[in-house]
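J.: I would like to see how this sequence folds:
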Amino acid sequence: MSTPPLSLPFLSEAIALERSRTLGEPDWLRDERVAAARLAASMPAESNVLFTPYFDLRPMRFDEIGVYADAGVAPDTAAELPEGAAAYLHIRENAVVARAISPVAREAGIFLGTFAEALAERPDVLRAAIEGGASLPADDAFAQAARAVASLGLLIHVPEGLSLGAPIVLRWDLGTAGRGVVSRTVVSVGRGARASLLEVMGDADATEAGHAQSLWWGTSEVVLGEGASLSVASEQDFDPSTIAIVNRQSRIGDDATLELALASVGARFHKSRIDNLLVGRGSTVRQVEIGFGSGDQIFDLTSYTRHIGRDTTGDLLSKGVFTDRSRGFIKGLIDIRRTAIGTDSYLGEFGMLLTKKSRSVTVPSLEIDQPDCRRAAHSSSVGPIDEGQIFYLMSRGLDRDTARKFIVLGFLEPVVERIPLPEAQDRLRGLLEAKWPTVLPGAAAA
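T.: Residues are numbered from 1 along each chain as shown. Have a look, this model is predicted:
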């Protein structure tokens with residue numbers, strides 16, 4: 001069974017060409033857009049036949065959304081650096097409105113800016129990271145759509161050998177009814193460099209559910225050099241009328257390490273695909289992802305971990321909590337190539353249902369072409385809260401609702417504890433707790 005190609009009012013070769021002309025891009029970047037538009041038109045919207053039964057775009061009303069055709073930088077972007085951060089970039093709708101870089105990071109050669117600025121100041125870095133489409137999955141129509149028509153591109157470059165003790169903070173604010181942002185974020189971390197990135201995504205002009213939808217469609221394209229280390233934490237709290245689509249692909253070099261901690265609580269529909277390419281010997285990825293759904297929200301969380309180099313390690317955990325009539329599709333694949341001798345890989349997918357009308361599925365899968373593995377394992381479950389755990393906490397003096405709340409928040413804590421800034425941790429805990437009032441007494445699944 002296959003799905004039809006994406007049919008979008010803002011996606012075509014002609015639009016890709018016009019977008020490139022509008023932004024004044026060089027020929028090589030124009031050609032990138034055209035190639036991506038052709039790819040997106042030629043493939044099904046969901047290319048993995050294992051996952052097509054759980055693919056549903058009906059909540060998306062793309063015909064209501066006018067996508068920004070250009071992007072810009074506000075005349076005065078100077079801003080105060082948030083406490084505990086090494087650098088800060090604030091995007092409101094389709095423009096960079098604030099930027100701050102610590103003197104140490106600036107002197108060390110960090111770059112934080114738009115594609116237009118990168119083409120003027122770091123063209124070789126940007127071109128090496130994205131030319132030929134290697135930074136996004138060639139079999140994913142959503143990734144190719146972003147590559148074709150993105151108006152806002154961002155480059156974060158951490159030079160070779162630089163170690164940043166504080167995180168780079170990237171803030172997105174949007175939500176204007178009937179408007180959409182398609183963007184790309186490229187992160188290049190040089191050999192032996194160390195950095196962390198905190199993404200905070202929320203409302204610029206929140207709309208009520210039922211109004212014209214807004215759209216955030218983005219990418220995170222990471223390239224890690226030999227011995228590099230990057231920690232990425234993300235908090236998504238868009239308003240109930242926003243559609244959120246994100247592709248994250250990381251190419252991890254020899255002895256490099258990537259850590260991902262991703263939390264999503266907002267948006268009408270949140271679609272995430274993560275591709276981890278462990279190409280270098282001894283490369284490692286550790287990933288935790290959570291979604292907390294209420295109302296009629298839908299979370300579509302997909303991950304691919306492809307072991308290509310020798311002695312690679314993957315540890316992936318996805319969790320979802322669903323209340324009211326919300327739904328969660330949690331899907332993943334571990335792909336161990338013939339070249340990947342000595343692989344250690346684990347994939348866990350778990351859904352927790354708090355009401356009788358909430359739904360979730362987990363679809364973990366393995367493709368193994370190399371028998372010499374240290375470990376290749378997966379596990380999954382979907383169900384209500386364990387009554388034994390509730391009984392234990394109630395026997396220690398907690399009422400039933402408080403016991404259930406503690407269990408749920410503890411279930412999601414592995415992501416919260418990996419957020420780099422204490423105030424960001426507190427914000428995320430507050431977002432998760434704010435979901436709790438939607439669970440009515442007595443509504444738990446039996």
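J.: So, low pLDDT: which residues of the stretch 1-150 of the chain?
T.: Scanning the stretch 1-150 of the chain for pLDDT under 70 picks out the ranges 1.
J.: I meant to write the stretch 151-300 of the chain there.
T.: By pLDDT under 70, the low-scoring segments of the stretch 151-300 of the chain are 204-210.
J.: From Gly72, how far off is the closest residue in space to Gly153 that isn't next to it in sequence?
T.: Leaving out its chain neighbours, the residue that sits closest to Gly153 by CB to CB, 6 or more residues apart in numbering is Phe115, at 3.2 Å. The way it works is simple: take the backbone N, C-alpha and C, and place the C-beta from them, glycine included. As judged by CB to CB, to the nearest Å, Phe115 and Gly72 stand 12 Å apart.
J.: can you pull the contacts of the closest residue in space to Asn247 that isn't next to it in sequence?
T.: Nearest residue to Asn247 in three dimensions, chain neighbours excluded: Ala143, at 4.1 Å (CB to CB, 6+ apart). Shown in contact with Ala143 (CB atoms under 8 Å, 6 or more residues apart in numbering): 136-137, 219, 247, 249, 273.
J.: again, 6 Å this time
T.: Listed by CB atoms under 6 Å, 6 or more residues apart in numbering, the contact partners of Ala143 are 136-137, 247.
J.: mind checking the SS state of it?
T.: Recorded secondary structure, Ala143: helix (DSSP: H, G, I helix; E, B strand; the rest coil).
J.: got it, and the one 4 residues further on?
T.: Each residue gets one of three states, and Arg147 gets helix by three-state DSSP.
J.: quick one: the closest residue to it other than its chain neighbours and Ser47, what's the gap?
T.: In space, and not counting its chain neighbours, Arg147 is closest to Ala36: 3.7 Å by CB to CB, 6+ apart. Distance, Ala36 to Ser47, using CB to CB: 15 Å.
J.: Quick one: the helices in the stretch 301-446 of the chain, in order.
T.: For the stretch 301-446 of the chain, applying DSSP state H, counting those that start in this stretch gives helices covering 387-395, 400-416, 422-435.
J.: ok so, going back, tell me if I'm right that the residue nearest to Arg147 and Ala148 touch.
T.: Yes: in this structure Ala36 lies within contact range of Ala148 using CB atoms under 6 Å: 3.9 Å.
J.: Between the two, which is the more surrounded one?
T.: Shown here are Ala36 and Ala148; by other CB atoms under 10 Å, Ala148 has more neighbours (28 against 25).
J.: which residues touch the more buried one?
T.: Ala148 is in contact with 16, 33, 36-37, counting by CB under 6 Å, 6+ apart.
J.: at 8 Å what do you get?
T.: Ala148 makes contact with 11, 15-16, 19, 33-34, 36-37, 40, according to CB under 8 Å, 6+ apart.
J.: can you check Ser365 too?
T.: Ser365 sits next to 50, 332-334, 378 when contact means CB under 8 Å, 6+ apart.
J.: now swap in Phe411 and tell me
T.: If you count contacts by CB under 8 Å, 6+ apart, Phe411 has them with 319, 321, 350, 352.
J.: ok, back up a step: could the helices of the stretch 301-446 of the chain go into JSON lines alongside distance to Ala100 and mean pLDDT?
T.: Listed next are these as JSON lines, based on distance: least, CB to CB, whole Å; pLDDT from 0 to 100:
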{"stretch": "helix 387-395", "distance to Ala100": "44", "mean pLDDT": "91"}
{"stretch": "helix 400-416", "distance to Ala100": "26", "mean pLDDT": "89"}
{"stretch": "helix 422-435", "distance to Ala100": "16", "mean pLDDT": "88"}
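J.: Put together TSV for those, with distance to Leu29 on each row.
T.: Shown next, in TSV, are the helices of the stretch 301-446 of the chain (distance: least, CB to CB, whole Å):
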stretch	distance to Leu29
helix 387-395	53
helix 400-416	35
helix 422-435	33
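J.: Tell me which residues touch the nearest residue to Gly165 once chain neighbours are set aside, please.
T.: Nearest residue to Gly165 in three dimensions, chain neighbours excluded: Ala86, at 7.4 Å (CB to CB, 6+ apart). The contact partners of Ala86, by CB under 8 Å, 6+ apart, come to 101-102, 104-105, 110, 164-168, 195.
J.: switch to 10 Å and redo it
T.: Contact analysis of Ala86 by CB atoms under 10 Å, 6 or more residues apart in numbering lists 100-102, 104-106, 108, 110, 112, 158, 162, 164-169, 195-197.
J.: just Phe115 next, same as before
T.: 23, 25, 29, 71, 123, 126, 130, 150-155, 183-184, 186.
J.: still on that earlier bit, ok, now how distant is the residue nearest to Asn247 from Ala45?
T.: According to CB to CB, Ala143 stands 12 Å off from Ala45.
J.: if we can go back for a sec, please enumerate the shared neighbours of Ala36 and Ala148.
T.: Both Ala36 and Ala148 are contacted by 11, 13, 16, under the criterion CB under 10 Å, 6+ apart.
J.: Including neighbour count, secondary structure and distance to Gln425, could those residues go into a markdown table?
T.: Supplementary listing: these in a markdown table, determined by neighbours: other CB atoms under 10 Å; DSSP: H, G, I helix; E, B strand; the rest coil; distance: CB to CB, whole Å:
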| residue | neighbour count | secondary structure | distance to Gln425 |
| --- | --- | --- | --- |
| Leu11 | 23 | coil | 38 |
| Glu13 | 16 | helix | 45 |
| Ala16 | 25 | helix | 40 |
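J.: picking that back up, could you check how far the residue nearest to Arg147 is from Thr219?
T.: For Ala36, the distance to Thr219 (CB to CB) stands at 11 Å.
J.: got any residues that touch both of the two?
T.: Both Ala36 and Thr219 are contacted by 136, 143, 146-147, 150, under the criterion CB under 10 Å, 6+ apart.
J.: Nearest to Val67 among those?
T.: Nearest to Val67 among the shared contacts of Ala36 and Thr219 is Ala150, at 9.6 Å by CB to CB.
J.: okay but that closest one is in contact with Trp216, surely?
T.: No: contact criterion CB atoms under 10 Å: Ala150 and Trp216 do not qualify, at 11.6 Å.
J.: Identify the contacts common to these two.
T.: 181-183.
J.: I'd like these written out as TSV, with neighbour count, distance to Asp173 and secondary structure added.
T.: Compiled in TSV, these are given as follows (neighbours: other CB atoms under 10 Å; distance: CB to CB, whole Å; DSSP: H, G, I helix; E, B strand; the rest coil):
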residue	neighbour count	distance to Asp173	secondary structure
Val181	25	10	strand
Val182	27	16	strand
Ser183	23	13	strand
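J.: how about the residues you listed in CSV, adding distance to Arg429?
T.: Shown next, in CSV, are these (distance: CB to CB, whole Å):
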residue, distance to Arg429
Val181, 28
Val182, 31
Ser183, 28
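J.: If I look at Arg310, what pLDDT would I see?
T.: Looking at Arg310, its pLDDT is 98.
J.: Cool, thanks, signing off.
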